[in-house]
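1. Dropping a prediction and its sequence here:
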Amino acid sequence: MFISEKPYQCSECQKTFALQGQLNSHVKYKHTKQKDFICNVCARAFTAKHSLEEHLRTHTGEKKEPKHECSFCGKKCITTTHLKIHIKSQHTG
């Protein structure tokens with residue numbers, strides 16, 4: 001199988017994946033109500049561990065360090081999504 005082949009398709013949204021495990025994770029995190037990760041401070045529930053970890057910072061006041069750097073101007077963003085938005089809005093016509 002080539003990397004570009006994505007034979008596993010989500011029946012909910014038709015997004016495709018190269019591996020069955022990727023599809024399984026996608027379905028769990030995007031299309032189910034299963035929330036296995038519970039905040040021990042406020043009892044809010046999350047579908048993913050990284051989401052709980054992000055949330056816990058609201059209780060500690062800890063700031064996440066921006067690590068995704070714009071190759072055009074050097075601005076640093078916290079997430080790749082924020083970086084893509086920055087590049088699209090600031091550096092493309």
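-> Right, received. Where do you want to start?

2. All the helices of this protein, in order from the start?
-> 20-31, 49-60, 80-91 (DSSP state H).

3. residues making contact with the last one?
-> With C-beta atoms under 8 Å, 6 or more residues apart in numbering as the test, helix 80-91 has contacts from 68, 69, 70, 72, 73, 75, 77. Every residue, glycine included, has its C-beta placed from N, CA and C.

4. Selecting buried members of the residues you listed in PyMOL, what would you type?
-> The buried residues among the contacts of helix 80-91 can be selected in PyMOL (16 or more other C-beta atoms under 10 Å) with this line:
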select buried, resi 77
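
5. mind listing which of the contacts of helix 80-91 are in strands?
-> Among the contacts of helix 80-91, DSSP state E puts 68, 69, 77 in strands.

6. Using TSV, lay out the helices of the chain together with mean neighbour count and distance to residue 5.
-> Converted to TSV, the helices of the chain look like this (neighbours: other C-beta atoms under 10 Å; distance: least, C-beta to C-beta, whole Å):
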stretch	mean neighbour count	distance to residue 5
helix 20-31	14	12
helix 49-60	13	27
helix 80-91	13	24
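
7. I'd like the contacts of helix 80-91 written out as a markdown table, with distance to residue 8 added.
-> Listed next are those as a markdown table, based on distance: C-beta to C-beta, whole Å:
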| residue | distance to residue 8 |
| --- | --- |
| 68 | 28 |
| 69 | 33 |
| 70 | 33 |
| 72 | 35 |
| 73 | 38 |
| 75 | 36 |
| 77 | 30 |
